[in-house]
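Here's my sequence, what's the structure:
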Amino acid sequence: MDRLTPKIRHLLLAWLHRTRSGPISFIRQFSYKDIKKATDDFHRIIYSNSHGSAYRARFKDGNIALVKEVTGLSEGKEIFYKEVQLLGRLHHRHLLALKGFSTGDKRLLVFDNIENGSLKEHLNDPLRTPLNWKTRLQIAVGVTAALEYLLFFGGPPVYRVSISSSNIMLDENFIAKISDVSLKSSVGTYMKMPSSCSKECMDQECGNLIFQLGVVILELITGQSSKQEDSDLIQWDQGSRLSNSIHKMIDPDLGNNYDSRELRKL
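So this is what the prediction gives:
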C-alpha cells in the first residue's frame with residue numbers, strides 16, 4: 001500500500017493540472033461551423049443584453065440548445081477555459097446546464113435543451129396556451145432557489161447573474177432554468193472578490209437581483225411582460241393603484257383558477 005501512495009498522488013496531481021488549464025476534458029467541444037449552421041448564422045436570437053447575445057440552436061440530431069456568446073474576456077483562451085470549467089461545475093435543477101463550448105470568430109457556450117423556449121415567449125405569445133397558476137408558482141420558487149444556490153451555496157460568489165423573463169428558459173416539463181450566468185470579469189481577478197469587495201457592494205448586488213426577481217414575479221402574476229428596462233410594468237402597476245386590490249392584478253387568462261393565499265404570499 002505504501003508503494004502505491006506515490007503513484008496515486010502522481011495521478012491525482014496530473015488530473016488536477018489538466019482540470020486547471022488548457023482544453024476541458026469533461027465538457028464537449030463543439031465545432032464552430034456546426035454551431036454557426038445550427039443558429040442559422042447567428043440569426044436565431046433569443047435575447048440580447050449588456051452581457052452578450054444568446055441564440056437558439058437546432059443541431060442535425062434534432063437537439064435544441066441555447067448558445068451564448070462570451071464577451072469581455074480579452075485575456076486569451078486560458079481565461080475562457082477557466083470560465084468553462086467553473087460554469088461546468090454548477091449543478092442545480094433550476095440552472096441551465098452547460099453542455100459544451102466552442103472557439104472561433106466567437107467564444108461560445110452551449111447549454112442544455114430549451115424545448116419550451118423562454119418565459120417571455122409564453123407571456124407574450126397569444127397563440128400559446130397560458131401558463132396555469134401552479135406552473136407560475138413553480139417558476140417563481142425555482143428561480144428563487146437557483147439564486148439562493150448561487151449566492152449562498154455555490155462557493156465564493158464569483159458569478160454575474162441576470163434574471164428576466166427573456167433569459168428564464170422552460171424545459172419540456174416547464175421547469176424554469178436561469179440561463180444568464182457568467183463570470184463577472186477575468187477569473188484571475190474576480191476570484192479575489194470576497195476580500196476586495198465591500199459589504200455595501202455585495203448588498204447592492206443582492207438588492208439588484210431581488211429587484212429583478214420582483215419584476216419577474218410581477219410578470220407572472222399579471223401576465224404582462226416588461227419591455228422598457230422593467231420601468232413600464234412597474235409604472236403601470238403603481239399608476240393603476242392595483243396594489244390596493246391585489247386580486248385585480250391577476251392575469252385575466254387565469255380567471256379564478258388561482259389560490260388567493262398563495263397570491264398574497266408570492
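
quick one: the helices in the chain?
Using DSSP state H, the helices of the chain run over 4-20, 32-38, 77-88, 119-124, 133-148, 187-190, 193-196, 199-222, 231-239, 260-265.

Centre of the chain to the third one, how far?
Taking CA atoms, centre = their mean, to the nearest Å, the mean C-alpha location of helix 77-88 is offset from the chain mean by 16 Å.

shaky segments in the protein?
For the chain, applying pLDDT under 70 flags the ranges 1-25, 72-76, 154-159, 183-202, 226-245.

List the contacts of the residue positioned nearest the centre of it.
Nearest to the mean C-alpha position of the chain, by CA atoms, centre = their mean, lies Ser179 at 2.2 Å. Ser179 sits next to 54, 66, 68, 96, 111, 114, 167-169 when contact means CB atoms under 8 Å, 6 or more residues apart in numbering. Any C-beta I mention is one placed from the backbone N, CA and C, and that applies to glycine too.

Among the residues you listed, list the two that are farthest apart in space.
Within the contacts of Ser179, Lys68 and Ile168 form the most distant pair, 14.1 Å apart (CB to CB).

When the two are compared, which one has more neighbours?
Remark: of Lys68 and Ile168, Lys68 carries more neighbours, 28 against 25, as counted by other CB atoms under 10 Å.

Beta-bridge partners for the more buried one, please?
Ala54, Leu109 (DSSP bridges).

ok, it touching Phe111?
Yes - Lys68 is in contact with Phe111 according to CB atoms under 8 Å; the separation is 6.7 Å.

picking up where we left off before, filter the contacts of Ser179 down to the buried ones.
Among the contacts of Ser179, the ones that count as buried by 16 or more other CB atoms under 10 Å are 54, 66, 68, 96, 111, 114, 167-169.

Now render the residues you listed as JSON lines, adding distance to Ala140.
Output for the buried ones among the contacts of Ser179, formatted as JSON lines (distance: CB to CB, whole Å):
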{"residue": "Ala54", "distance to Ala140": "22"}
{"residue": "Leu66", "distance to Ala140": "21"}
{"residue": "Lys68", "distance to Ala140": "24"}
{"residue": "Leu96", "distance to Ala140": "17"}
{"residue": "Phe111", "distance to Ala140": "21"}
{"residue": "Ile114", "distance to Ala140": "19"}
{"residue": "Asn167", "distance to Ala140": "15"}
{"residue": "Ile168", "distance to Ala140": "10"}
{"residue": "Met169", "distance to Ala140": "15"}
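
closest to Glu83 among the residues you listed?
For the buried ones among the contacts of Ser179, the nearest to Glu83 is Lys68 (11.2 Å; CB to CB).

How about the contacts made by the closest one?
52-55, 108-109, 111, 179-180, 182.

With Thr129 instead?
So Thr129 contacts nothing (CB under 8 Å, 6+ apart).

quick one, phi psi at it?
phi -70, psi 130 (degrees, to the nearest 10).

what's the answer for Asp171, then?
phi -80, psi -170.

Next, count neighbours for the residue nearest to it when sequence neighbours are not counted.
Using CB to CB, 6 or more residues apart in numbering and skipping residues adjacent in sequence, the residue nearest Asp171 is Glu115, 5.7 Å away. Neighbourhood size, Glu115 [other CB under 10 Å]: 13.

ok, Glu115 - contacts?
With contact set as CB under 8 Å, 6+ apart, Glu115 has these partners: 64, 170-172.

before we move on, what about Leu119?
When contacts are counted by CB under 8 Å, 6+ apart, Leu119 touches 139, 165-166, 168-170, 176, 216, 219-220.

what about 7 Å?
139, 165, 168, 170 (CB atoms under 7 Å, 6 or more residues apart in numbering).

Ile175 now?
Going by CB under 7 Å, 6+ apart, Ile175 touches 93, 142.

roughly how far apart are it and Glu115?
Per CB to CB, to the nearest Å, Ile175 is found 10 Å from Glu115.
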